[in-house]
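*Asks:* prediction below, plus the sequence it came from.
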Amino acid sequence: MKVAYLDPVPLGADPAFEKLIAEELRKYAAPNTEVSYHALDSGADNYEYAIYEAFMLPRILKRVISLEEQGYDAVILGCFYDPGIEAAKEYVKGMVVVGVAEAAVTLANLICKRYSLLIPRDKNYTHMYEMVERYSGIAKLASIRSLNIRVLDLQESSDTDLRMEKEIELALGKDRAEAIILACTMEAGKFKSMQEKYGIPVIDPCIAALKMAECLVNCKKQCGWTVSKVGSYESPPQDEMRSYAF
């Protein structure tokens, strides 16, 4: 199967991070899964502010449509805010669409009774809470803990690992968390060392989305289970939608 990871920031914004994401995904992909990394041509290089997300949504949706036309079986929206996920599911004809937050929260709901999110900054708290609420995870949410590091600095800051360890220890000891979700794709490459150190599931949302995409593609191919086009995700007329937006 062909899975596209769509990073909703400009290509080349952070070449080292692009390489890290691609390598991590390919490391955990099933033998029959071909994973490719994609990004936008231009735009905001982070989504910490709602205004940036609003500006970028048409570009994200246009790229999603392009990936389906290229024959991809699934696309992963590579930001924990899952930008454009509802519109993308509504518009695609049959391609699987997975949000990284959607996948991480769904997985956490299945493997533990209480989990905590590690978010970049306090600025992100309310939006992250709403993401958990959207995916029916509030009942199991133990806490949302902030690293107090801007998204763009998570990979470069020398304090990232130490702050992650501190907040995980507080989540385990004070909040009684049983698992951790790394609630930003810029925390990529960190889950395994933290998981081994603390002996609990530490969910990388990018990898969770990949495994969810593989599962859903197989469900579609083998059982015919895919996004319902009756009601909520009914697609608009193709020519009408293109005349409005693209």
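*Replies:* Alright, I've got the coordinates.
*Asks:* leaving out sequence neighbours, find the closest residue to the residue positioned nearest the centre of the chain.
*Replies:* Nearest residue to the geometric centre of the chain (C-alpha atoms, centre = their mean): Val100, 1.8 Å. Nearest residue to Val100, sequence neighbours excluded (C-beta to C-beta, 6 or more residues apart in numbering): Pro205, at 3.7 Å. Where you see a C-beta, it was placed from the backbone N, CA and C, and this is true even at glycine.
*Asks:* with Tyr125 instead?
*Replies:* Ile144 (5.8 Å).
*Asks:* next one: the worst-scoring helix or strand of the chain on mean pLDDT to chain centre, how far?
*Replies:* Ranking every helix and strand in the chain by mean pLDDT, DSSP states H and E puts helix 238-245 at the bottom, with a mean of 76. Centroid displacement of helix 238-245 relative to its chain, using C-alpha atoms, centre = their mean, to the nearest Å, is 27 Å.
*Asks:* report the longest strand in this structure, please.
*Replies:* Using DSSP state E, we find that the single longest strand of the chain is strand 2-10.
*Asks:* buried residues in the following helix or strand past that one?
*Replies:* Next along the chain after strand 2-10, taking DSSP states H and E as the criterion, comes helix 15-28. By 16 or more other C-beta atoms under 10 Å, the buried positions in helix 15-28 come out as 17-18, 20-21, 24-25.
*Asks:* helices or strands up against the helix or strand that helix 15-28 is followed by?
*Replies:* Tracing the chain past helix 15-28, the next element assigned as helix or strand by DSSP H and E is strand 34-40. Applying 3 or more C-beta pairs under 8 Å, 6 or more residues apart in numbering; DSSP states H and E, one finds that strand 34-40 contacts strand 2-10, helix 15-28, helix 50-69.
*Asks:* could you point out which element follows the longest one?
*Replies:* Next along the chain after helix 50-69, taking DSSP H and E as the criterion, comes strand 74-77.
*Asks:* contacts for the next helix or strand after that following strand?
*Replies:* Per DSSP H and E, the first helix or strand lying C-terminal to strand 74-77 is helix 85-91. Residues outside helix 85-91 that contact it (C-beta atoms under 8 Å, 6 or more residues apart in numbering): 57, 60-61, 64-65, 75, 77, 97, 99, 102, 227, 232-236, 241.
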